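1. Give me a model of this one.
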Amino acid sequence: MGGKLCNIVDGAKPAIVMVVAQLGFGGVNIFYKLAVNDGMNVRVLIAYRFIFATAFICPLAFILERRKSGPRLTWMIALQGFLCGLFGGALGQNLYLESLALTSPTFSAAMANLIPAVTFIFALFLGLERLKIRTWAGRAKVTGTLLGIGGAMVLTFYKGPQINIWSTKVNLLKHKDQHVAASHGELDNHVLGSILAVASCFSYAIWLIIQAKMGERYPFDYSCTALMCASATVQAIVYAMCKERDWSAWKLGWNIRLLTVAYTGFFASGFMVVLVSWCVRKRGPLFVSIFNPLMLVFVAILGSLILDEKLHLGSIIGGVLIVIGLYAMLWAKGAEMKSMATLSHSKSSKEAEIINVGTAPAKDDEDAIASDVSTAATANPRQQ
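-> Below is the predicted model:
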């Protein structure tokens, strides 16, 4: 009984880790909103985020993984780390926040939910995922992906009547940036923001694919994250210095700006990316990307608690759809893994049966023993 419970808990670890990671990433959106509301430059914010992340994760990787035996760091792994830092770090973050500034947070968050679909397509082309539409698992995978994306769209685009469940009357936003809202009406900015939002989805999807390949070659989660953060730091600093020449924008004080870069750097880009990398190596990039819409649920809850944002019927309907889609995807992945384990066990049993038949002692005829062993030895490779 205890062993079965341990197996259930062990199998649920990747899902639990991804829920915690999305909760942490939901906190990032709240801190982003507070820091930008305070007037912090988003490019400088991203640069500081990866500076803090590198300072946190590099010593951790050195301490925890310096004595582990395994593949050595090669130029190919270093290149994959650089690309992970580009697509999953500097480029992806800057594209997302620039699209948010040119359009609106709601629009950018909705476009971000294209990541599972884009990742699914990339994974199919690269052979990391298989679509068996004739099986229940394949249908559930497609249905779960569509439900997750659809629920996220309902959550962001459909408001509906206000639901008065709780009210903390806590609002950490001091004021609203009217000049940012005014810029949303410009058609050119909206088109450019739309393009940047789609580009950020492709960027994150490419990161998940490269991360999966990198995890196969170099299965050290902390070292992979350190390599990614170090690359993203250099890239983000270079880009921020090219775009922001005013050094006063780089100053940090004991305020929400320092808290934001510390949280997003130490916790989100440091610890959380380690968890995501581990899940990518364990279950694949599609499993990780399907949890992205869950972040919107946490953002809606956190926003209502500390930013005095009101929950609406659209939030409830969208959240339910996301959860249903999430369980459909988890069931599909679980069914696929169970099917693969059963097939592997069946294959091993047949090989063992052949070996047992070939090595079984025959009391009456020693020549038969030699003949059976020879037959088993010949037949065994054909079963592999």
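
2. Check what contacts stretch 111-119 and list those residues.
-> Contacts of stretch 111-119 with the rest of the structure, by C-beta atoms under 8 Å, 6 or more residues apart in numbering, involve 96, 99, 145, 148-149, 152-153, 194, 197-198, 200-202, 204-205, 208-209, 285-286, 289-290, 292-293, 296. For every residue, glycine as well, the C-beta is placed using N, CA and C.

3. Packing partners of the helix or strand where I16 lies?
-> Element membership for I16 (DSSP states H and E) is helix 2-37. Using 3 or more C-beta pairs under 8 Å, 6 or more residues apart in numbering; DSSP states H and E as the contact test, the elements touching helix 2-37 are helix 42-65, helix 256-262, helix 273-283, helix 285-289, helix 294-306.

4. quick revisit: only the buried subset of the contacts of stretch 111-119, as a PyMOL command please.
-> The command below creates a PyMOL selection of those among the contacts of stretch 111-119 that count as buried (16 or more other C-beta atoms under 10 Å):
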select buried, resi 96+99+145+148+149+152+153+194+197+200+201+202+204+205+208+209+285+286+289+290+292+293+296
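
5. Can you pick out the ones from the contacts of stretch 111-119 that are in helices?
-> Taking DSSP state H as the definition of helices, the contacts of stretch 111-119 contribute 96, 99, 145, 148-149, 152-153, 194, 197-198, 200-202, 204-205, 208-209, 285-286, 289, 296.

6. If I take the helix holding I16 and helix 273-283, what angle do their directions form?
-> Interaxial angle of helix 2-37 relative to helix 273-283 (axes from the mean of the first three to the mean of the last three C-alpha atoms, to 10 degrees): 140 degrees.

7. Can you point out the buried residues in helix 2-37?
-> Residues of helix 2-37 classed as buried by neighbour count (16+ other C-beta under 10 Å): 14-15, 17-18, 21-37.

8. ok, G314 - contacts?
-> Counting by C-beta under 8 Å, 6+ apart, G314 touches 154-155, 157-160.

9. Could you do P71 as well?
-> For P71, the set of contacting residues under the criterion of C-beta under 8 Å, 6+ apart consists of 77, 217-219.

10. From L79, how far out is N41?
-> With distances defined as C-beta to C-beta, to the nearest Å, the gap from N41 to L79 amounts to 30 Å.

11. pLDDT score assigned to E309?
-> Taken from the predicted model, the pLDDT recorded for E309 is 68.

12. repeat for A47
-> The model reports A47 with a pLDDT of 93.

13. Can you report how many residues neighbour it?
-> 27 (other C-beta atoms under 10 Å).

14. just T143 next, same as before
-> By the criterion of other C-beta under 10 Å, T143 has 15 neighbours.

15. A strand includes it, no?
-> No: residue state for T143 (DSSP: H, G, I helix; E, B strand; the rest coil) corresponds to helix; a strand is not indicated.

16. The residue nearest the centre of the chain and E98: what is the separation?
-> In the chain, the C-alpha nearest the mean C-alpha coordinate belongs to V288, at 4.4 Å (C-alpha atoms, centre = their mean). The gap separating V288 from E98 is 24 Å, by C-beta to C-beta.

17. swap in E216?
-> According to C-beta to C-beta, E216 stands 32 Å off from E98.

18. So which of those two has more stuff around it?
-> The residue with the greater number of neighbours, taking E216 and E98 and applying other C-beta under 10 Å, is E98; the counts read 19 against 11.

19. So for that one, what's the nearest residue that isn't a sequence neighbour?
-> On the basis of C-beta to C-beta, 6 or more residues apart in numbering, the spatially nearest residue to E98 that is not a chain neighbour turns out to be L196, at 5.3 Å.

20. Can you give me every residue that contacts the one you found?
-> By C-beta under 8 Å, 6+ apart, the residues touching L196 are 95-96, 98-99, 102.

21. now those residues as JSON lines including pLDDT and distance to F271?
-> Conversion of the contacts of L196 to JSON lines gives the following (pLDDT from 0 to 100; distance: C-beta to C-beta, whole Å):
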{"residue": "L95", "pLDDT": "90", "distance to F271": "24"}
{"residue": "Y96", "pLDDT": "84", "distance to F271": "20"}
{"residue": "E98", "pLDDT": "80", "distance to F271": "26"}
{"residue": "S99", "pLDDT": "79", "distance to F271": "26"}
{"residue": "L102", "pLDDT": "72", "distance to F271": "31"}
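
22. which residues of the stretch 1-150 of the chain score low on pLDDT?
-> Across the stretch 1-150 of the chain, residues meeting the criterion (pLDDT under 70) sit at 1-9, 100-101, 103-110.

23. my guess is the residue nearest to the centre of the chain contacts V19, does it?
-> No: the pair formed by V288 and V19 falls short of the contact definition of C-beta atoms under 8 Å, at 11.8 Å.

24. For stretch 208-217, list every residue counted as buried.
-> Of all the residues in stretch 208-217, those buried under the rule 16+ other C-beta under 10 Å are 208-215.

25. So which of these is the closest to L307?
-> Using C-beta to C-beta, L208 is the member of the buried residues of stretch 208-217 that lies nearest L307, at 29.5 Å.

26. Just want to check the distance between the closest residue to that closest one other than its chain neighbours and S277.
-> The shortest distance from L208 to any residue other than its chain neighbours is 3.8 Å, reached at P285 (C-beta to C-beta, 6+ apart). P285 sits 11 Å away from S277, going by C-beta to C-beta.

27. My guess is S339 contacts K132. True?
-> No: S339 is not in contact with K132 according to C-beta under 8 Å; the separation is 9.7 Å.

28. overlap in contacts of the two?
-> Counting by C-beta under 8 Å, 6+ apart, nothing touches both S339 and K132.

29. quick one, the helix holding I16 and helix 42-65 angle?
-> Taking the same axes, to 10 degrees, helix 2-37 and helix 42-65 form an angle of 150 degrees between their directions.

30. now helix 2-37, how far from the chain's geometric center?
-> Remark: helix 2-37 is offset 10 Å from the chain centroid, using C-alpha atoms, centre = their mean, to the nearest Å.

31. Equivalent analysis for stretch 288-295, please.
-> The gap between where stretch 288-295 is centred and where its chain is centred comes out at 7 Å by C-alpha atoms, centre = their mean.
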